[in-house]
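In: Have a look at this fold, sequence not included:
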């Protein structure tokens, strides 16, 4: 489930269940938004990138599953990539 403060231009999930050996599941979102992005994730992200740059100050709440990322203020869409730990895409 994704919810941004602006419009989602495009989104994709890669390797959500199984998939290529050694690849981590990813959520890729293109947003025409700025300020704070929020998404509910069933697993804690391993890495978050905005426009190719690693974001070190994202927040994830284990209790609620809420991920928040501060996005840059700009007119063009930004690409947000969320990497999850290997195996987190498999259903129990």
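Out: Structure received. Note that the coordinates shown come from a computational prediction; the quantities given were computed from them, not determined experimentally. Residues are numbered from 1 along each chain as shown.

In: Quick check, central residue of the protein?
Out: Nearest to the mean C-alpha position of the chain, counting by C-alpha atoms, centre = their mean, stands residue 82 at 3.2 Å.

In: give the contact list for it.
Out: By C-beta atoms under 8 Å, 6 or more residues apart in numbering, residue 82 lies in contact with 26, 27, 28, 29, 39, 41, 45, 47, 48, 67. Any C-beta I mention is one placed from the backbone N, CA and C, and that applies to glycine too.

In: Nearest to residue 58 among these?
Out: Closest approach to residue 58 among the contacts of residue 82 (C-beta to C-beta): residue 48, at 4.5 Å.

In: and the helix or strand hosting the closest one, which strands flank it?
Out: For residue 48, the element it lies in under DSSP states H and E is strand 47-50. Strand pairing for strand 47-50, determined by DSSP bridges: strand 53-54 (antiparallel), strand 78-83 (antiparallel).

In: in the chain, which helix or strand is least confident?
Out: strand 2-3 (a mean of 51; mean pLDDT, DSSP states H and E).

In: burial of residue 53, as a residue count?
Out: Residue 53 has 9 neighbours, counted by other C-beta atoms under 10 Å.

In: which residues does it bridge with?
Out: Using DSSP bridges, the bridge partners assigned to residue 53 are residue 50.

In: For it, give its distance to residue 63.
Out: 28 Å (C-beta to C-beta, to the nearest Å).

In: Ok, residue 38 next?
Out: For residue 38, the distance to residue 63 (C-beta to C-beta) stands at 15 Å.

In: of those two, who's got more company?
Out: Applying other C-beta under 10 Å to residue 38 and residue 63 shows that residue 38 carries more neighbours, namely 14 against 5.

In: Quick one: list the elements packing against the strand or helix carrying the more buried one.
Out: If you go by DSSP H and E, residue 38 is part of strand 35-40. With contacts defined as 3 or more C-beta pairs under 8 Å, 6 or more residues apart in numbering; DSSP states H and E, strand 35-40 has these neighbours: strand 2-3, strand 26-32, strand 66-71.
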